[in-house]
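Novice: turn this into a model:
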Amino acid sequence: MTAAATAPPIRPQAMLRHRPFRTLWLAQLVSIFGDFLALFGVISLITFRLHGTAVQVTTVTIAYILPLALIGPIAGVFVDHWNVKRVMIASDLIRGALILLLLVVRDVAQIGLILAALSVLSSFFVPAQSVTVRTLVPADSLLAANAMLTQAFYIVRLSAPFAAGALIAWLGERVCFYLDTASFVFSAGMIFTLVIVRPPRAPGEKTLRSLSRDFVEGNRFIFTHAGLTFVFLAMGVATFVMAAFMPLISIYIRDALRAGPFVWGAISSMVGIGLIAGTQVLGRVHTPSSRTSVVLGGMLGLGMGAALLGAFRNIPLAALGTFLIGFAVSFVLVPAQTLSQQETPPPLMGRVSSTFMSLVSLSQVLGLLLSGYVAQALGMRGLFLACGGALALIAGAGHVWMREPRPRPGRNERPATG
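Specialist: Residues are numbered from 1 along each chain as shown. Below you'll find the model as predicted:
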């Protein structure tokens, strides 16, 4: 057993002492904050300026998510061939310019097109960032690094609505778009300072046939690796549940709890608080040998949170349920991302991480599209109870499946790098 294997887990906050990671983390914190400001600006623009409908708001949301699901796996093939630093800087700068087009839009269709274009560029940025994290951060620190990146997202998710609401009320939506552009420029500047040394790829042809072969190679690696297949599917289920719950929480609070907007805001925020708490605990309980058990525990916890929402009409228990959902999701998403980075050979990193992103995005779209229809058929509480039972069954099946030893390609079958 190596020293790295026996060393105590690295706490997420300790990663901020690692200068390259701190630079990347700060760049993403500012950029994500700008994105949330722009998102609230877009929703305000559609709702109050253009007098859009709920269907239009949902359609614009899907217009942003869907390209990530469809283009992501293809983008990963190119990222594995390109300079990831240039990809991230170019993506940031072009997205910053595209955001300014929101200043002159006249209808919802134009907004949807701009958000779809932003999503296409994000499809290249996300796998490039995953490759960068894998390159800059030691293997035994990847869990802590991913936990910190996830924390940044949810810290912003909790704080941005207040900032966006105040800015829009005082200065209008336009200031949110200017600030988002500034955040992209800041991110590009921070990334420019990084030194990213990536193992060189062996020279080869770059034809449509070779790119197709690369695409198949990346997906074959995922679905012949038992651990990756399991955590990717678990991550897809967890994301689907989150995407299905969040649009319905307000209806559940209105109809089942007979409460109003204040309770809705408080209970919704418990998801983010739970996820931040989960990432803090995760570093203390997670070890390389326990990662599938951690994911299984996260699936079971997610089911318990859903069941609490369905079984009781009680505000404190509803808050506990949403807290548990956020807490449990961190036990699925962060280990899944970390496992993909640790087990994937460097030449395949862009393809595998882009498939990860694609599965998350596709699960979000399906959750958004199907949740309303399923809730209408089963009732709100019935939907939550059904999700809780299904998650418990999936966790049990996963335990049986992962209990049997399986070959783990990737660690011992990495292609040689020159």
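Novice: switch to C-alpha atoms for all contacts and neighbour counts from now on
Specialist: Noted.
Novice: what helix or strand is the most centrally placed residue in the chain located in?
Specialist: Nearest to the geometric centre of the chain sits residue 360, at 6.5 Å (Cα atoms, centre = their mean). Counting by DSSP states H and E, the element that carries residue 360 is helix 349-378.
Novice: just how off-centre is the next helix-or-strand element following that helix within its chain?
Specialist: Under the assignment DSSP H and E, the closest C-terminal helix or strand after helix 349-378 is helix 380-403. Distance of helix 380-403 from its chain centroid, counting by Cα atoms, centre = their mean, to the nearest Å, is 21 Å.
Novice: which parts of helix 380-403 are buried?
Specialist: Residues 380-389, 391-392, 394-395, 398-399 are the ones in helix 380-403 that count as buried (16 or more other Cα atoms under 10 Å).
Novice: mind saving the C-alpha coords of that helix as CSV?
Specialist: Output in CSV follows, covering the C-alpha atoms of helix 380-403 (Å, rounded to 0.1, in the frame of the first residue of the first chain):
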residue,chain,number,x,y,z
MET,A,380,-47.2,15.5,-5.9
ARG,A,381,-46.7,13.4,-2.8
GLY,A,382,-47.2,10.2,-4.9
LEU,A,383,-44.3,11.3,-7.1
PHE,A,384,-42.0,11.9,-4.2
LEU,A,385,-42.8,8.6,-2.6
ALA,A,386,-42.4,6.8,-5.9
CYS,A,387,-39.0,8.4,-6.4
GLY,A,388,-38.0,7.4,-2.9
GLY,A,389,-38.9,3.8,-3.5
ALA,A,390,-37.3,3.7,-6.9
LEU,A,391,-34.0,5.1,-5.5
ALA,A,392,-34.0,2.6,-2.7
LEU,A,393,-34.4,-0.2,-5.3
ILE,A,394,-31.7,1.2,-7.5
ALA,A,395,-29.3,1.4,-4.5
GLY,A,396,-30.1,-2.2,-3.5
ALA,A,397,-29.5,-3.4,-7.1
GLY,A,398,-26.3,-1.4,-7.3
HIS,A,399,-25.0,-3.0,-4.1
VAL,A,400,-25.6,-6.5,-5.5
TRP,A,401,-24.1,-5.6,-8.8
MET,A,402,-20.9,-3.9,-7.4
ARG,A,403,-20.4,-6.6,-4.7
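Novice: now do that helix: which elements does it pack against?
Specialist: In terms of contacts (3 or more Cα pairs under 8 Å, 6 or more residues apart in numbering; DSSP states H and E), helix 380-403 is packed against helix 226-245, helix 291-311, helix 349-378.
Novice: out of the ones you listed, which gets nearest to residue 193?
Specialist: With Cα to Cα, the closest approach to residue 193 among these belongs to helix 349-378: 21.5 Å.
Novice: which helices and strands sit right next to that closest one?
Specialist: In terms of contacts (3+ Cα pairs under 8 Å, 6+ apart), helix 349-378 is packed against helix 54-79, helix 108-136, helix 208-223, helix 226-245, helix 315-343, helix 380-403.
Novice: mean pLDDT lowest for which of those helices?
Specialist: Of all the helices and strands packed on helix 349-378, mean pLDDT reaches its minimum on helix 208-223 (a mean of 64).
Novice: separation between residue 179 and residue 365?
Specialist: Shown here: residue 179 relative to residue 365, a distance of 27 Å by Cα to Cα, to the nearest Å.
Novice: so what's the residue count around the closest residue to residue 308 other than its chain neighbours?
Specialist: Spatially, and ignoring its direct neighbours in sequence, residue 308 is nearest to residue 321 (5.4 Å; Cα to Cα, 6 or more residues apart in numbering). Residues within reach of residue 321, counting by other Cα atoms under 10 Å, total 27.
Novice: tell me how far residue 321 lies from residue 305.
Specialist: In terms of Cα to Cα, residue 321 sits 4 Å off from residue 305.
Novice: residue 279 too?
Specialist: 17 Å.
Novice: same check, this time on residue 313
Specialist: Residue 313 sits 13 Å away from residue 305, going by Cα to Cα.
Novice: then residue 13?
Specialist: From residue 13 to residue 305 the distance is 27 Å (Cα to Cα).
Novice: look at those two and report which has more neighbours.
Specialist: When residue 13 and residue 305 are compared for neighbours, residue 305 comes out ahead with 26 against 13, by other Cα under 10 Å.
Novice: so how far is stretch 366-385 off the chain centroid?
Specialist: 22 Å.
Novice: typo on my end, stretch 307-322
Specialist: 25 Å.
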